[in-house]
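# A structural model of the following input is requested.
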Amino acid sequence: MGTPDSSNQPHGAAQVSARVWDLPVRLFHWTLVALLAFQLFSGKTGGNWMQWHGYAGYTILALVLFRILWGFAGSTTARFSSFLAGPARAVEFLRRLVRREPVAHASHNPLGGWMVVVLLAALLVQAGTGLFANDDIATEGPLARHISKDLSDRLTTIHYWNLNFILALVAAHVAAVLFHWRVLKENLIGAMFTGDKLLPADLAREVAAARTASSWRALALVAVAAAAVYVIVKPVV
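The predicted model follows:
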C-alpha cells in the first residue's frame, strides 16, 4: 500500500476524522515544548538551575534521537518518507497556501515536513554543543574537559546563537499553526493533543489503513536513545 500523503481535494471538501499522529509523536511534541520552556528559564536564571539545565538538555538529546529513529521505524504517518517532499512540491504548496487553497495532507504538509527536519537538526546542534559548552564561571558541559578552552568557547558561542535560530523556528511554527487555525479553519493544536485530524474521506481511508507501530517498539527506541545519551555523559553523571 502506498504512503498516505495528500489528496487533490481542497480543505473545503467534506471531511472525516482520522488518527494521524500516534501517541509517541504527541508525547514527543509536548514533552519537547515543556523542556524548551524550562531550558529558556533555567538558562536565563543560571545559578543552581544550571545543573537541571544540563539534565533537561540530556533529555532533549534523547528525545531528538528517538524522533529520528521513529522517523524511520515508527508508524507510517510518523516516518520521514511520508511527509518529506522535494523543493518543487514545497514551492507549489506555498503558492497554493498563499491563495488559501492548499491540498490536504495526512501528516505534515511539504513545508511543515521540512520544518520538522530543520528543527530536529537545530536541536541536535543545540544539545550537542551544550555538551562542550562553558559559562566561564562554574558550569561546563560534561565533555568540555576533553577539548581545549578555545574550542569550548567557540561551541559555547554556537550554542548561544543557535538558540536564537531555534526560537525563530518556534515562532515560525506557531505562526503557521495560527494561520491554519484562523485562516484555513484547521485546528492543528487540538489534533496534536488527540492525534485526530479532519481529512477528505479518501485520504482518511488511506490513513486508517496505514500501519501503526506498537508502543513496545516506541519504548524500545526510547531505551536505545536514552542509553546512547547515558554512554556519552556517563563519566560525570
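
# Give me the buried positions along stretch 19-28.
Buried residues in stretch 19-28, defined by neighbour count with 16 or more other Cβ atoms under 10 Å: 19-22, 24-25, 28. (Glycine included, C-beta is placed from N, CA and C.)

# Go through those residues and name the one nearest Leu40.
When the buried residues of stretch 19-28 are ranked by distance to Leu40 (Cβ to Cβ), Phe28 comes first, at 18.8 Å.

# So the closest one sits against Leu63, correct?
Yes. At 5.9 Å, Phe28 counts as touching Leu63 under the criterion of Cβ atoms under 8 Å.

# from the chain's centre, how far out does the longest helix along the chain sit?
Identified as the longest helix of the chain according to DSSP state H is helix 149-182. With Cα atoms, centre = their mean, to the nearest Å as the basis, helix 149-182 stands 13 Å off its chain's centre.

# Show me what counts as buried in that helix.
Buried-residue list, helix 149-182, by 16+ other Cβ under 10 Å: 152, 155-156, 158-159, 162-163, 166, 176-177, 180.

# List of residues touching whichever helix or strand comes after it?
On the C-terminal side of helix 149-182, the closest following helix or strand by DSSP states H and E is helix 188-194. Helix 188-194 is touched from outside by 20-21, 26, 29-30, 177, 180-181, 197, with contacts defined as Cβ atoms under 8 Å, 6 or more residues apart in numbering.

# which one of those is nearest Thr77?
Val20 (5.4 Å).

# The closest one touches Asn109, doesn't it?
No. Under the criterion of Cβ under 8 Å, Val20 makes no contact with Asn109, lying 11.9 Å away.

# What average pLDDT does the longest helix of the chain get?
For helix 149-182, the mean pLDDT works out to 94.
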